[in-house]
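Asker: The sequence isn't on hand, but the structure is:
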Ligand SMILES: Nc1nc(=O)c2c([nH]1)NC[C@@H]1CN(c3ccc(C(=O)N[C@@H](CCC(=O)O)C(=O)O)cc3)C=[N+]21
C-alpha cells in the first residue's frame, strides 16, 4: 500500500513555481499578487488564510489579506471585491468561505473578475470546465488530479471512478476532471441507496462527504486508489478524513492521508492558479 503524501508532492510543485517567479523577478518584472478577502473571525478560516499567505511568500509571491468585519454588508463586500478587480497589480482574488450567514457567497463569487478567480468557482470558470474550455480549475480538484498522476494514473480509460460528494468546490468539478481523463465516473451522495455497492466497484474513490471515518473497508474495491478529501476536526483536536484509514489500508493500492494529503495540495494549486493568472495578465 502506497501513501500519497500531498505535503511532499506539493513541495515539488511549489519549488517549480518558486523558480518561475524568480525568473520573472530576474527579468525586472513585478511578482504575482494574491488577494485574500476574509470576512469575520472564524478561527479555521483565519488559520487557512494565514497558511495561504505563508505559502505565497515561500514561493516569492506577494499576498494581500483583506480582513473585513463580520457585520459587513453585501454591498460593501462587493465594493471591496470590485476594488481588487480594478487593481492591475492584483492577479488572483479569493473570498475565504464560508462567509457569515447574512452574506450571499454566490453574489460575492459572481463579483470576482473571472480572470482573477483563482478558486475556479465563478460560473464562467465552472462553465469552462463543464464545456472543456480553458479556465481556472478549482484548487482541491486540481490537486487531486496531480495526486492521481503521481501514482501513474493519468489516462483513466477503462477505470471506474466514484466520487462521494457533490459540492461545487470538490465533488462536481473533480467528477468532470476524471471524465476528461476518460474515466467512467459515478457521483454518489447522502441520498444514494446502498452506496457501498457502488463505491466497492471503484478503481478510484474520491471521498468528499464531510463525515469523519465514514468510509470503511466494505466500501472499497481490493486494489483501489483512494483520495481522502475529508477535513474533520475530532474531539482531541486532531484532523481525520472521511475514510477510516486503518480500516481500509490493507485493501488499497494507494491512499492519501489526512492531514498531509489533499490539504497541502489545495494550497499549492492556489499558487499554481495565481501564477497562471499573473501570466495571463502579463501577456495582456
Ligand atoms: N474560497 C475558499 N477556497 C478554499 O480553497 C477554501 C476555502 N475557501 N475555505 C476552506 C477550505 C478548506 N481549505 C483547506 C486548505 C488547506 C488545508 C490544509 O493544508 N490542511 C492541512 C492541515 C492543516 C491543519 O493542521 O489544520 C493538511 O491537510 O495537512 C485544509 C483545507 C481550503 N478551503
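Answerer: Arrived safely, thanks for sending. Since the structure is predicted, the reported quantities are computational estimates derived from the model, not experimental observations.
Asker: going forward, measure contacts between C-alpha atoms and count neighbours the same way
Answerer: Fine.
Asker: need the residues of the stretch 151-284 of the chain near the ligand, please.
Answerer: Residues of the stretch 151-284 of the chain lying close to the ligand by Cα under 6 Å from any ligand atom are 258, 259, 260, 261, 262, 263, 264, 266, 267.
Asker: give me the number of residues near the residue nearest to the fourth one when sequence neighbours are not counted?
Answerer: I take that to be residue 261. Among residues not flanking residue 261 along the chain, residue 6 sits closest, at 4.0 Å (Cα to Cα, 6 or more residues apart in numbering). Residue 6 is flanked by 26 other residues according to other Cα atoms under 10 Å.
Asker: With residue 233 instead?
Answerer: Counted with other Cα under 10 Å, residue 233 comes out at 12.
Asker: For the helix or strand containing residue 24, buried residues please.
Answerer: Take DSSP states H and E as the rule and residue 24 turns out to sit in helix 6-26. Neighbour counts using 16 or more other Cα atoms under 10 Å place 6, 7, 9, 10, 13, 14, 17, 18, 21, 22 of helix 6-26 among the buried residues.
Asker: ok, those residues vs the ligand, which is closest?
Answerer: Lowest distance from the ligand to the buried residues of helix 6-26 (Cα to the nearest ligand atom) belongs to residue 7, with 6.9 Å.
Asker: Show me which of the buried residues of helix 6-26 is closest to residue 284.
Answerer: Nearest to residue 284, judged by Cα to Cα, of the buried residues of helix 6-26 is residue 21 at 17.7 Å.
Asker: per-residue confidence at the closest one?
Answerer: With respect to pLDDT, residue 21 scores 98.
Asker: how close does it sit to residue 33?
Answerer: 11 Å (Cα to Cα, to the nearest Å).
Asker: shared neighbours, the two?
Answerer: residue 61 (Cα atoms under 8 Å, 6 or more residues apart in numbering).
Asker: low pLDDT regions in the chain?
Answerer: Along the chain, the model assigns pLDDT under 70 to no residue.
Asker: For it, just list every one of the strands.
Answerer: 2-3, 33-39, 62-68, 92-95, 160-164, 184-188, 204-207, 225-228, 232-233, 239-240, 254-255 (DSSP state E).
Asker: quick one: which of those strands is nearest residue 274?
Answerer: Comparing the strands of the chain by Cα to Cα, strand 92-95 comes nearest, at 5.3 Å.
Asker: Which residues does that closest one contact?
Answerer: 33-38, 84-85, 108-109, 112, 116-119, 273-274, 277-278.
Asker: that older thread, for the residue nearest to residue 261, give me its contacts.
Answerer: 147, 256, 260, 261, 262, 263, 264, 265.
Asker: burial of the fifth one, as a residue count?
Answerer: To tie it back to what came earlier, the one meant is residue 262. Neighbours of residue 262 under the rule other Cα under 10 Å: 29.
Asker: okay, now residue 1: neighbour count?
Answerer: Residue 1 has 13 nearby residues by other Cα under 10 Å.
Asker: Do I have it right that it meets residue 248?
Answerer: No: if you go by Cα atoms under 8 Å, residue 1 and residue 248 don't touch, sitting 10.2 Å apart.
Asker: circling back: buried by neighbour count, from the residues of the stretch 151-284 of the chain next to the ligand: which ones?
Answerer: Using 16+ other Cα under 10 Å as the burial test, these include 258, 259, 260, 261, 262, 263, 264, 266, 267 as buried.
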